[in-house]
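Participant: Turn this into a model:
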Amino acid sequence: MKKNCVYAIILFFFVALFSGCGKEKQEEIQIDRSGYEKSQFQSVSLTAGIESFTVRPDGTLLCSSADAKLYTYGQDGTRTGELAPDSFYGNLCADGEKIYAFDYERSAVVELGEDGARVIQNTILFHTIRNMVAVNGKIYVLAIPVTRENGDGMFPFGAEEFEDYGEQVYCIDAASGQYSTLGLAHIAAEYRAEDGSLYFYGWQEDKYYLYRYDTEKEKIASTLHFDGMGNVLSIVVEGGQLFALTSEEGLTGIDLTTGEKEELLAGWFTMFGNDLQFYRGNLFVNNMVAKEIQQLLYLGADGRVAVLQEESKKNSSIFGQEEGSREAGNGDAGDEKAKPTEWPKHKETIGLSTLSKYDIDTQKIKSISGFKTKLLDLPFEAETFAAELMAGNPEVDIYVVHTSSPVVQRIRELGLYVPLNDSEIITEHLSKCFGYVQETAINENGDIWMLPLDEIATVTWYIPENMERFHVTAEDLGMLDDYMAVLERLHGKTGAYRYYNNAAQFILWSDAHYDVNYNNFQAGAVNFDTELYRHVADTLWSGWVRHSSATANHPLFFAKYQESQPDYALIGEGPEFNRNIMIFKTCYTSEHLFSYGRTREQTTRLLTGWRVMAAPKLADASEKNYLGISYAFVNPYSRQKEAAIEYLEVLAANQSTVIEWPSFFREDIEYYEDMYDTSLPAFQDLYGIFRDSVIPTGYPHDSSDEYVTEYQQGLITFDEAIRRRQRAAEMGLYE
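Facilitator: So this is what the prediction gives:
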């Protein structure tokens, strides 16, 4: 549901919190374990899912439901009441009897009461909120602010270490709404202890620290560091313990007086600080997959940690693998003895030339196989890249290129690759892919010349109940003219509801979609001077100035930025794609799933409640969906070809965990079951879209499209713009 993360982007790639603990600086820790005892709490379950929750001073829970409702629960987990919300709330936090939250619809920090919400602060534009806590009448919001540079950004959680996205800690006075920033750099998490102490967890000079913050003097009061502290987004500091959740080690604790580490409960993690709560010795977590709040452990009166093993066993199938089941991506279903592939530990460093460092998780490659990766810049211009290939660059072992590059055909024709046919792993992997993927990866001479890595498709995501509210059907969004008619009908009439579609992206997709379906680029026949293309161009090019500002957009489209403050919205998966106000969005599949596809829990959260259909066809419902993919091939001039092939084998065998972007290459549904709930309608929609698609290679796409800008600026006529598009296609075709 709505979480303060763009996704965007992401996320989610947790690393171990501790890797051995040795004290560096010891601060005196006051430990009060009086009164700690196991609660009689039973899990709280909401069908729609739990957006956020907090524990009140009397031990009762307040929950924000994913269907925009507020519920209260007693200490045993029984529902005691329901509040009437006037909006949708997340990041719930308590300060005495006061309850604060972030109001998604008003984009405001608010105080919740029996009669609704009082707006405290609505002038700060938050891009991503990591956590909210409240202490002594002050609300501390750990967030990434909105800037011109990061408006379209996706902020996944750092894979190995803290990545600075401009996080700030905002201190908001709950009474006046006045705010300031604390000036603390590199803060990853925050926590308000039961005794009122405020803690920040952050990074400095390759080390992680726990800071106790003096809220009266407004400065750091003490600092703790232990070897092995790692990158986390949620912490609890109670009873002399620091608790955190990571995907690799699950629930982990460290004794702050000795530095001793204990792995407490595998298979659990959380993304946001407000998803982990503590009350008088008892630790609770928002389990987003089970749609429940569950208790993980309690601290006994003697200070010892007791793990609720019955809860662990109950949820093992949700977060990990049930006992005796196969490991993710390895072995056959039901094979109790199946184990992950054991890779020999290599010492080679592979030179990887790519335009995007985010294609491959090189740290995971290293942990699996020992291979180190040296990232090299790929020449952006096709001519430069072709010249390098012909001349031979032995520093590069593997190239990662997009199939739309006009160089692709030349690579295949001239055999500028190392055949992969002798690799059983790659051959087996490819044999289970869709037929059009196999055709793309196999040259006419029978060589397997490349390994597909990731793919993108433009699709329309929609919420069925909200579509019904505005009398929009999926069929209405299936063809370009009908789609534009829906935009015209909805424009300015949706109130709090939103649709999203980026006009610049839509133009690029439509251009490529036309090329794939109506040009025969393999036969050298291209024609953009047709009645259909003119209609598409006239529909999408007119009425807006594309490059004038960050907020420029077609008047009927709804971009991520909107200029009017009352209706300001950042539209991205996370809080901004609130299922309660989002009607539909047309964007790349990666914009919804990028950096979130690492666990079944995360993908289930992102797919639940959505349906997906192919982007609008231009003229005929039988048009094939256009896909773009990135692929890797071994440089024939590499000095370590065998090692490079083994590197690709690691990629093929671990594609779901080492490739950053989501992929739907495989035909066998069971392949996806470790990553997705394949029974979800949205997954089935995506599978069908990718099954019925095509991957063009080397088509003459014009990436500059300056003729569009010049036409919009009145520098050339429409006919001249069409002729420019045709010339660009012909030049790309015959170069």
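Participant: now the closest residue to residue 647 other than its chain neighbours, what's its secondary structure?
Facilitator: Using Cβ to Cβ, 6 or more residues apart in numbering and skipping residues adjacent in sequence, the residue nearest residue 647 is residue 350, 4.9 Å away. C-beta coordinates here come from the backbone N, C-alpha and C atoms, glycine included. Using DSSP: H, G, I helix; E, B strand; the rest coil, the structure places residue 350 in strand.
Participant: Also residue 483?
Facilitator: helix.
Participant: My guess is it contacts residue 473. True?
Facilitator: No: when contacts are counted by Cβ atoms under 8 Å, residue 483 is not listed as touching residue 473 (11.7 Å).
Participant: Between these two, which has more neighbouring residues?
Facilitator: Each of residue 483 and residue 473 has its neighbours counted (other Cβ atoms under 10 Å); residue 483 has more, 22 against 13.
Participant: ok, now how distant is that one from residue 536?
Facilitator: Separation of residue 483 from residue 536 (Cβ to Cβ, to the nearest Å): 12 Å.
Participant: Strands of the stretch 301-450 of the chain, residue ranges please.
Facilitator: 305-307, 349-354, 372-377, 398-402 (DSSP state E, counting those that start in this stretch).
Participant: right, so those strands: which one is the most enclosed?
Facilitator: Among the strands of the stretch 301-450 of the chain, strand 398-402 has the highest mean neighbour count (mean count of other Cβ atoms under 10 Å), at a mean of 23.
Participant: Report all helices and strands that that one contacts.
Facilitator: For strand 398-402, the elements it packs on are strand 349-354, strand 625-634, helix 641-653, judged by 3 or more Cβ pairs under 8 Å, 6 or more residues apart in numbering; DSSP states H and E.
Participant: at 10 Å instead, please
Facilitator: When contacts are defined as 3 or more Cβ pairs under 10 Å, 6 or more residues apart in numbering; DSSP states H and E, strand 398-402 sits against strand 349-354, strand 372-377, helix 382-391, helix 407-414, strand 451-462, strand 625-634, helix 641-653.
Participant: follow-up on the earlier one: among the strands of the stretch 301-450 of the chain, which is nearest residue 214?
Facilitator: For residue 214, the closest of the strands of the stretch 301-450 of the chain is strand 305-307, at 28.4 Å, according to Cβ to Cβ.
Participant: Contacts for that closest one, please.
Facilitator: For strand 305-307, contacts defined as Cβ atoms under 10 Å, 6 or more residues apart in numbering pick out 38, 239, 241, 243, 251, 253, 255, 262, 264-265, 281, 283, 296-300.
Participant: Now do that strand: distance to the chain's middle.
Facilitator: How far strand 305-307 lies from its chain's middle: 32 Å, per Cα atoms, centre = their mean, to the nearest Å.
Participant: Show the average pLDDT along that strand.
Facilitator: Averaged across strand 305-307, pLDDT comes to 85.
Participant: That one pairs with which strands, and in what direction?
Facilitator: Paired neighbours of strand 305-307 in the sheet (DSSP bridges): strand 292-299 (antiparallel).
Participant: Burial check on residue 58, number of neighbours?
Facilitator: 9.
Participant: Make sure it is actually in contact with residue 73.
Facilitator: No: the criterion here is Cβ atoms under 10 Å, and residue 58 misses it with residue 73 at 11.6 Å.
Participant: ok, back up a step: is the residue nearest to residue 647 bridged to anything, and to what?
Facilitator: Following DSSP bridges, residue 350 is listed with bridge partners residue 373.
Participant: wait, isn't it in contact with residue 640?
Facilitator: Yes: using Cβ under 10 Å, residue 350 makes contact with residue 640 at a distance of 7.5 Å.
Participant: Quickly list what's touching both of the two.
Facilitator: With contacts defined as Cβ under 10 Å, 6+ apart, the residues shared by residue 350 and residue 640 are 397, 634, 646-647.
Participant: out of those residues, who has the most neighbours?
Facilitator: residue 397 (28 neighbours).
Participant: The residue nearest to residue 707 when sequence neighbours are not counted and residue 686, how far apart?
Facilitator: Using Cβ to Cβ, 6+ apart and skipping the chain neighbours, the partner closest in space to residue 707 is residue 724 (3.7 Å). Distance, residue 724 to residue 686, using Cβ to Cβ: 36 Å.
Participant: show me what contacts residue 295?
Facilitator: Counting by Cβ under 10 Å, 6+ apart, residue 295 touches 38-43, 77, 279, 282-285, 308, 311.
Participant: What is the most widely separated pair among those?
Facilitator: Pairwise over the contacts of residue 295, using Cβ to Cβ, the maximum falls at 40 and 285, 17.6 Å.
Participant: These two - which one has more neighbours?
Facilitator: Using other Cβ under 10 Å, the more surrounded residue of residue 40 and residue 285 is residue 285, with 25 against 11.
Participant: State the phi and psi torsions of that one.
Facilitator: phi -140, psi 150 (degrees, to the nearest 10).
Participant: ok, so what distance separates it from residue 292?
Facilitator: 9 Å.
Participant: Next, the contact list for residue 394, please.
Facilitator: Counted by Cβ under 10 Å, 6+ apart, residue 394 has contacts 351, 635, 637-640.
Participant: in the stretch 51-200 of the chain, which spans are strands?
Facilitator: Going by DSSP E, counting those that start in this stretch, the stretch 51-200 of the chain shows strands at 61-65, 70-73, 79-83, 89-95, 98-103, 108-113, 116-121, 126-135, 138-145, 168-173, 179-181, 187-192, 198-204.
Participant: could you dump the ones you listed to TSV with mean neighbour count, distance to residue 419 and mean pLDDT?
Facilitator: Below are these laid out as TSV (neighbours: other Cβ atoms under 10 Å; distance: least, Cβ to Cβ, whole Å; pLDDT from 0 to 100):
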stretch	mean neighbour count	distance to residue 419	mean pLDDT
strand 61-65	24	55	90
strand 70-73	18	61	90
strand 79-83	13	63	87
strand 89-95	24	52	93
strand 98-103	24	55	94
strand 108-113	20	59	92
strand 116-121	17	61	92
strand 126-135	25	45	92
strand 138-145	22	46	94
strand 168-173	19	52	96
strand 179-181	14	57	95
strand 187-192	24	46	94
strand 198-204	21	45	93
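Participant: Save the ones you listed as TSV, and put in distance to residue 437 too.
Facilitator: Listed next are these as TSV, based on distance: least, Cβ to Cβ, whole Å:
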stretch	distance to residue 437
strand 61-65	41
strand 70-73	47
strand 79-83	49
strand 89-95	39
strand 98-103	43
strand 108-113	47
strand 116-121	50
strand 126-135	35
strand 138-145	37
strand 168-173	44
strand 179-181	49
strand 187-192	39
strand 198-204	40
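Participant: Those: which one's closest to residue 542?
Facilitator: Across these, residue 542 has its closest neighbour in strand 126-135 (31.8 Å, Cβ to Cβ).
Participant: and the angle for that closest one with strand 98-103?
Facilitator: 180 degrees (axes from the mean of the first three to the mean of the last three Cα atoms, to 10 degrees).
Participant: Alright, I will stop here.
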